[in-house]
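Build me a model:
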Amino acid sequence: MFFDKHNYLYLLDFKNITYICFWAAKSNFPDEIDNENFSVFASEVIQKHHELLRLVVDQEHCFNVDNVIACNDVSADKAKNFRKNIYQDYKSNRKPPNEWFVKVLPIIEELFMRLKIPVVSYEGYEADDLIGSYSRYYTEQSPDNITYIVSGDKDFFQLVNNQVYFKRIRSQNFELYKSPHEVYEKVGVTPQQFIDYLAIVGDSADCIPGAKGIGPKGAQQCLQICDNLENLKKSYTNIGLKKNIQEKLSKSWANIDLSKGLATIVTDLDVDPSTIYPKHKFQLDSGFNPELAQFLKKYALL
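Model prediction:
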């Protein structure tokens, strides 16, 4: 059965990791990227992935097929994800991605395929939702199971608990969060409160509106007093909040409710490997991997 050989699972945010590796490689690349030197640049991105994976995987763990999944967004030409259906402006402010980033994505996906690491997606949902659902599925199998989420995206703070760890990539290193207390120390709210926190402050990168004029400190204060949005709605006028904060909340409840729905990571998708990725061989081949060797030779890495 899948997941039964180890008590740990790594979940990689595929596009986020590739984006980080792409810009790390580009910042050190001496020339402007063009069609002639693209394969050289692609080899740099591949090497950055190698460095990052070596960095984030604990030394006592080995990166085997049965303990790692890369989660990806459905390609842009497929159906809209459910958040876009809820709110048409969701992520509408994002510029088109760098053309060379678009070209490098299938190369990295091929790298993972050659490494026999599955890259999975789920129509109508984002990589975050797959990661959330795999985390829940895996940790529910045993109280001893541990999930490591690898991404630079702050949204995963909401999933952290004593079985779900978050390795947040930061430049050339990462920050590890293994408990609700560690999340609280970083952002001033607990993982359970983090969705409500995002609902209040919003997220300009994703066009999530939040409550206009209320920033992180204001949101932290609200949740430290009231614990959650439901309590805040009932008592925000009589808990000692400044008048301007009360007025901003009063005008923003519809946007706050909308933002909470957009910011919540789905954790109940059907992620049984036999149904979501039925053709992948979840078994690590021992010995020489000729397909990987051929791929590395193509990019002058072997």
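
which SS state does K95 fall under?
With DSSP: H, G, I helix; E, B strand; the rest coil as the basis, K95 sits in coil.

Ramachandran coordinates for it?
Main-chain dihedrals, K95, degrees, to the nearest 10: phi -70, psi 160.

Ok, the one 4 residues further on next?
Note on E99: its backbone torsions stand at phi -60, psi -30 [degrees, to the nearest 10].

So for it, what's the pLDDT?
The per-residue pLDDT reported for E99 equals 95.

tell me the contacts of it?
Under the criterion of C-beta atoms under 8 Å, 6 or more residues apart in numbering, E99 has no neighbours. For every residue, glycine as well, the C-beta is placed using N, CA and C.

any idea how far it is from P180?
Applying C-beta to C-beta, to the nearest Å, the value for E99 to P180 is 41 Å.

any idea where the strands of the stretch 151-300 of the chain begin and end?
Shown for the stretch 151-300 of the chain, the strands assigned by DSSP state E, counting those that start in this stretch span residues 164-170, 173-177.

Tabulate those strands (a markdown table), appending distance to N238 and mean pLDDT.
Below are the strands of the stretch 151-300 of the chain laid out as a markdown table (distance: least, C-beta to C-beta, whole Å; pLDDT from 0 to 100):
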| stretch | distance to N238 | mean pLDDT |
| --- | --- | --- |
| strand 164-170 | 36 | 95 |
| strand 173-177 | 34 | 92 |
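
Which pLDDT value goes with the residue sitting furthest away from the middle of the chain?
For the chain, the largest distance from the centre (C-alpha atoms, centre = their mean) belongs to N238, which lies 37.5 Å off. Looking at N238, its pLDDT is 91.

Using a markdown table, lay out the strands of the stretch 151-300 of the chain together with distance to R114 and mean neighbour count.
A markdown table is the format used below for those (distance: least, C-beta to C-beta, whole Å; neighbours: other C-beta atoms under 10 Å):
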| stretch | distance to R114 | mean neighbour count |
| --- | --- | --- |
| strand 164-170 | 23 | 21 |
| strand 173-177 | 25 | 15 |
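
For D206, which of the ones you listed is the nearest?
Among the strands of the stretch 151-300 of the chain, the nearest to D206 by C-beta to C-beta is strand 164-170 (17.2 Å).
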